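# have a look at this prediction, sequence included:
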Amino acid sequence: MQIKPISFFSSNGVTLTGLSANDIIVKSDQIPRGHIGKLTDLNTIFTTSGGTIAYEVAHKSGGVTRFADNRTSNDNGSFNIMIGEGDSLQIRLTATGSGVLDIVWHGEIQEIREIDQSKAMKINEFDFIENGGI
């Protein structure tokens, strides 16, 4: 299984002006079917200050998992956040402001290997009965 690099965000000059609290600022593409993703590094630069943001995983089921909150200034770091098939990453505005962001988030994507169920151990009901059950 090959691991491939992926850029979730590479956006300059993203403005928070005109947005309301709880608005999504940016959202990545969904992880393709049959793959899993991992966020490894992020750089979120406030080129002008103002506003508070949060980082989230948006699940294909509709739920959201927030993994970082109350970011108000430059944020650089290494993460190990797994993103499942159909999920995406997003940045949400949590308090209004007039800041401008440069956002660069990188990671990797990998194909999920299917398990061959034909080789799984199966219990034969007659063997079970002949051997006295439980």
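Received it, and whenever you're ready, just let me know what you need.
# can you show me the strands along the protein?
Taking DSSP state E as the test, the strands found in the chain are 3-15, 24-27, 35-48, 52-58, 64-71, 75-83, 88-95, 100-111.
# what residues of the fourth one count as buried?
Residues of strand 52-58 classed as buried: 52-58 (neighbour count, 16 or more other CB atoms under 10 Å). The C-beta positions use only the backbone N, C-alpha and C, and glycine is treated the same way.
# weakest of the strands of the chain by average pLDDT?
Comparing mean pLDDT across these, the weakest is strand 75-83, with a mean of 90.
# the inter-axis angle of it versus strand 3-15?
On the basis of axes from the mean of the first three to the mean of the last three CA atoms, to 10 degrees, strand 75-83 is oriented at 130 degrees to strand 3-15.
# for strand 75-83, which strands pair with it and how are they oriented?
According to DSSP bridges, strand 75-83 forms sheet pairs with strand 35-48 (antiparallel).
# adding distance to Asp41, write the buried residues of strand 52-58 out as JSON lines.
Formatted as JSON lines, the buried residues of strand 52-58 follow (distance: CB to CB, whole Å):
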{"residue": "Thr52", "distance to Asp41": "22"}
{"residue": "Ile53", "distance to Asp41": "17"}
{"residue": "Ala54", "distance to Asp41": "18"}
{"residue": "Tyr55", "distance to Asp41": "13"}
{"residue": "Glu56", "distance to Asp41": "17"}
{"residue": "Val57", "distance to Asp41": "16"}
{"residue": "Ala58", "distance to Asp41": "20"}
